[in-house]
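Trainee: here's a sequence, model it:
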Amino acid sequence: MFGNKQNMLTKNKCSIIIYSEHMFGRGGVETMSIRIKSKVRFIISVTVFLLMIIVSFSFFLLKGKAQEAPTYYLDWYVTKGDTLWSIAEQSLPEGRDIREYINEIRNWNKLSSSNIKEGQVLEIPIYESFYKD
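Mentor: Model (predicted):
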């Protein structure tokens, strides 16, 4: 049916033979062949398909861990001795990494570094979960 085995696999072509057995019907083994004309196109298609599956699974895995929006922003007047770390410690939401929270404060206030000055006013994001006990 397919010729000799050497003709089945050539440089850019390969064949996949699927054997299926039917319990009802004629009884016997039927063969169906699928011919892949280009290995490169097949590999690209499989890669794209797998990436789509990975992206969809990661979406569902990360869905529950999406960060909630702040309930409101608190105006914080920087006094002598205040640091972003000390400010973040006092308003840190439960379960958050303090470094991420400091970066959030920096980004919201458009600070290029962690240096703050006495008299400066910062907006600190406050989350509802901070007040749940």
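
Trainee: CA only for contacts and neighbour counts going forward, please
Mentor: Noted.

Trainee: so what does the longest helix along the chain touch, helix or strand wise?
Mentor: Longest among the helix segments of the chain by residue count, using DSSP state H, is helix 39-63. Counting contacts by 3 or more CA pairs under 8 Å, 6 or more residues apart in numbering; DSSP states H and E, helix 39-63 is packed against no other helix or strand.

Trainee: what residues sit buried inside it?
Mentor: Taking 16 or more other CA atoms under 10 Å as the basis for neighbour counts, none of the residues of helix 39-63 comes out buried.

Trainee: what does stretch 89-97 give?
Mentor: In terms of neighbour count (16+ other CA under 10 Å), stretch 89-97 has its buried residues at Ser91, Leu92, Pro93.

Trainee: nearest to Ser56, of the residues you listed?
Mentor: Ranking the buried residues of stretch 89-97 by separation from Ser56, with CA to CA as the measure, puts Pro93 on top at 28.9 Å.

Trainee: what about the closest one, is that helix, strand or coil?
Mentor: Three states are possible here, and by DSSP: H, G, I helix; E, B strand; the rest coil the one that applies to Pro93 is coil.

Trainee: where's it relative to Ile34, distance?
Mentor: Distance check for Pro93 against Ile34: by CA to CA, to the nearest Å, it reads 57 Å.

Trainee: after the longest helix of the chain, which helix or strand is next?
Mentor: Toward the C-terminus, helix 39-63 is succeeded by strand 72-77 as the next helix or strand (DSSP states H and E).

Trainee: which other helices and strands contact that next one?
Mentor: Counting contacts by 3+ CA pairs under 8 Å, 6+ apart, strand 72-77 is packed against strand 121-126.

Trainee: in the strand it packs on, what's buried?
Mentor: Neighbour count says strand 121-126 has Leu122, Ile124, Pro125, Ile126 buried, by 16+ other CA under 10 Å.

Trainee: that one vs strand 72-77, what angle?
Mentor: Using axes from the mean of the first three to the mean of the last three CA atoms, to 10 degrees, the direction of strand 121-126 lies 150 degrees away from that of strand 72-77.
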